[in-house]
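Visitor: Below: sequence and its predicted model.
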Amino acid sequence: MTSTDQERWQRVKNRLRIELGEDVFTSWFARMEVDAVENGAVRLSVPTRFLRNWIQSHYSERVLSNWQAEEPIVTRLELSVRSATIRPQVAKPKQAELPTAARQLHDGALNGAGMRASVPFMTVHEALGGSPLDPRLTFETFIVGRSNTLAHAAARQVATSRRGDPLMFNPLYIHAGVGLGKTHLLQAITWAGNSSDRKVLYLTAERFMYGFVSALRTQTTLAFKEAVRAIDVLMIDDMQFLQGRSTQAEFCHTLNALIDAGRQVVIASDRPPADLESLDDRVRSRLAGGLVVEIGSLGEELRLEILKNRIAAACVHHPGFEVPAPVLTFIAKSVTHNGRDLEGAVNRLLAHSKLSGQPVTLEMAEREMRDLIRPAEPKRVRIEDIQRVVARQYNVSRADMLSSRRTANVVRPRQVAMYLAKILTLRSLPEIGRRFGGRDHTTVLHAVRKIENLAGNDSAFAEEIEALKRQLQD
């Protein structure tokens, strides 16, 4: 490649910077290099597959037209991913652009002899303002049972992997209700990073949003992106709270960049990827492309083991604290909601024992636990379940209900399924419409009103709808 080609490439980059703005140019083109210009083709390279795919989809024609303005004989653009062994050195941001801790994370700390030194685990976690960690939430304190065995095994596998090991699944996506152990597993992976050679970072979705918005405000987005994407294992907790179009776009870019670079991503949420209706379809699809694991409700045996573990931990600091076996059995049978309620139950027993000086009895436990004994939650009905049950009831296929067909034998089951989705789930009308073949929310509203009118005027049809409800809720 001649010096003339390099000069042309510099002019092309200047054109792109002017046309697209500094931020867009820096995000997508700063690490692009020209490899050759020959036989009517310009060959460019970028460091990741994600960058290549994004530029091909969104900017290839613009890049080519700018090259043709410099050299009309160029008729095509070839974009490839550079091998890590031949990747050219890229100029780093000025030191002033990065906070001290983030700069240590990005560049590595230098020791007194000028040699690169490893950055300690907690420095890595704190460098980007990692979310606070609870020292109690480790693998050693996580109680394994039937409902969480797979999630625990997957988290353990992530925690014990070494840098350079092939990834079994990426991303790992764990979802469950409140207080069932999602955060415990993510923080356990983070603590395990203390003895690892990898950079591990735990962030809540709220902290990720705060970091990105702060970077926008202080014009350090490039530093933020590079620092986050230098992480070997990134964990995002409470994914359902990720809001804002620009923040979601940045998360999508970060997710793709890390996965394409062979870095591990672990996500936790209170619902599966398909139910994160506030997220872009591409993000949901990428999240669902790894291993999706649900932690189920706590069985009685597991609740009993959790209680025993919590009481043993309390006895370390309060040696005289004792809970009779019948009390443990009563709590395990009665307090069924989640692990946090169980911990609250132990705290109440401990407080009563210490403040009153009286031993823990079954009568006292029944009195103290009254407000923690909740009625069983109704079964969570999914739109997919509704579509399957209604399709079977009316002898049509689920594909027919999602299609554009408007024959009577398809329209009525579709309307029934939309009606049931509205009354049995918490999904919005636009989300229901999207899950029924991308229909408008007004179509769903029409279906709901139609079925309500029919059920009000036809007792046999009303009974049919009630039967479908019972079938879905049992």
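Guide: In hand now; what should we look at? Numbers count the residues shown, from 1 in each chain.
Visitor: hey, where'd the helices end up in the stretch 201-350 of the chain?
Guide: The residue ranges that make up the helices of the stretch 201-350 of the chain, judged by DSSP state H, counting those that start in this stretch, are 205-217, 221-228, 245-260, 281-288, 300-317, 325-334, 339-356.
Visitor: With respect to Arg434, which of the ones you listed lies nearest?
Guide: Judged by C-beta to C-beta, the one of the helices of the stretch 201-350 of the chain that comes nearest to Arg434 is helix 281-288, at 8.8 Å. Bear in mind the C-beta positions are built from the backbone N, C-alpha and C, glycine included.
Visitor: now the angle from that closest one to helix 245-260?
Guide: For helix 281-288 against helix 245-260, the angle by axes from the mean of the first three to the mean of the last three C-alpha atoms, to 10 degrees is 40 degrees.
Visitor: Pick out the residue nearest the middle of the chain.
Guide: Ile267 (3.5 Å; C-alpha atoms, centre = their mean).
Visitor: so what's that one bridging to?
Guide: Tyr173, Ile236 (DSSP bridges).
Visitor: where are the low-confidence patches of the stretch 151-300 of the chain?
Guide: Residues of the stretch 151-300 of the chain meeting the criterion pLDDT under 70: 194-196.
Visitor: try it again with 90
Guide: Applying pLDDT under 90 to the stretch 151-300 of the chain flags residues 160-170, 176-181, 190-201, 203-234, 239-263, 270-290, 296-300.
Visitor: So what touches stretch 12-26?
Guide: Contacts to stretch 12-26, defined as C-beta atoms under 8 Å, 6 or more residues apart in numbering, come from residues 29, 62-63, 66-67, 69-70, 221-222.
Visitor: quick check: domain ranges of the protein?
Guide: Here the domain parsing of the chain from automatic domain parsing is 3-81, 126-294, 300-372, 383-473.
Visitor: Pull up the distance across the last one, start to finish.
Guide: This points to domain 383-473. End-to-end distance for domain 383-473: 12 Å, by C-alpha to C-alpha, to the nearest Å.
Visitor: That domain: how far from the chain's middle?
Guide: Put simply, domain 383-473 sits 30 Å off its chain's centre (C-alpha atoms, centre = their mean, to the nearest Å).
Visitor: Repeat that for the shortest one.
Guide: When C-alpha coordinates are averaged (C-alpha atoms, centre = their mean), domain 300-372 and its chain have centres 34 Å apart.
Visitor: Endpoint to endpoint, it covers what distance?
Guide: So domain 300-372: terminal residues 15 Å apart, C-alpha to C-alpha.
Visitor: Counting neighbours, which of the contacts of stretch 12-26 comes out on top?
Guide: The residue in these with the most neighbours, by other C-beta atoms under 10 Å, is Trp67 (25 neighbours).
Visitor: Quickly note the distance from it to Lys422.
Guide: 53 Å (C-beta to C-beta, to the nearest Å).
Visitor: got it, and Glu305?
Guide: Look at Glu305 and Lys422: by C-beta to C-beta, they are 40 Å apart.
Visitor: Of these two, give the one with the bigger neighbour count.
Guide: Higher neighbour count among Glu305 and Lys422: Lys422, with 20 against 16, using other C-beta under 10 Å.
Visitor: what helix or strand is that one on?
Guide: Per DSSP states H and E: Lys422 is located in helix 408-424.
Visitor: burial count for Ser161?
Guide: 17.
Visitor: residues touching it, list them.
Guide: Taking C-beta under 8 Å, 6+ apart, one finds 167, 198, 264 in contact with Ser161.
Visitor: Try it again at 10 Å.
Guide: Ser161 is in contact with 167-168, 196, 198, 232-233, 264, counting by C-beta atoms under 10 Å, 6 or more residues apart in numbering.
Visitor: doesn't Asn338 make contact with Phe345?
Guide: For residue 345 the amino acid is Ala, not Phe. No - in this structure Ala345 lies outside contact range of Asn338 using C-beta atoms under 10 Å: 11.3 Å.
Visitor: anything in contact with each of the two?
Guide: Common neighbours of Ala345 and Asn338 (C-beta under 10 Å, 6+ apart) are Arg303.
Visitor: More neighbours: which of these two?
Guide: Shown here are Ala345 and Asn338; by other C-beta under 10 Å, Ala345 has more neighbours (26 against 19).
Visitor: who's in contact with the more buried one?
Guide: Applying C-beta under 10 Å, 6+ apart, one finds that Ala345 lies in contact with 303, 307, 310, 323, 327-328, 330-332, 334-335, 365, 368-369, 372-373.
Visitor: Arg286 too?
Guide: Going by C-beta under 10 Å, 6+ apart, the list of residues near Arg286 reads 170-171, 173, 252, 255-256, 259, 265, 273, 279-280.
Visitor: State the pair within those residues that is farthest apart.
Guide: Most distant of the contacts of Arg286, by C-beta to C-beta, are Asn170 and Asp280, 19.2 Å apart.
Visitor: Which one's more surrounded, those two?
Guide: Asn170 (19 against 14).
Visitor: would you say that one is within a helix?
Guide: No - secondary structure of Asn170 (DSSP: H, G, I helix; E, B strand; the rest coil): coil, not part of a helix.
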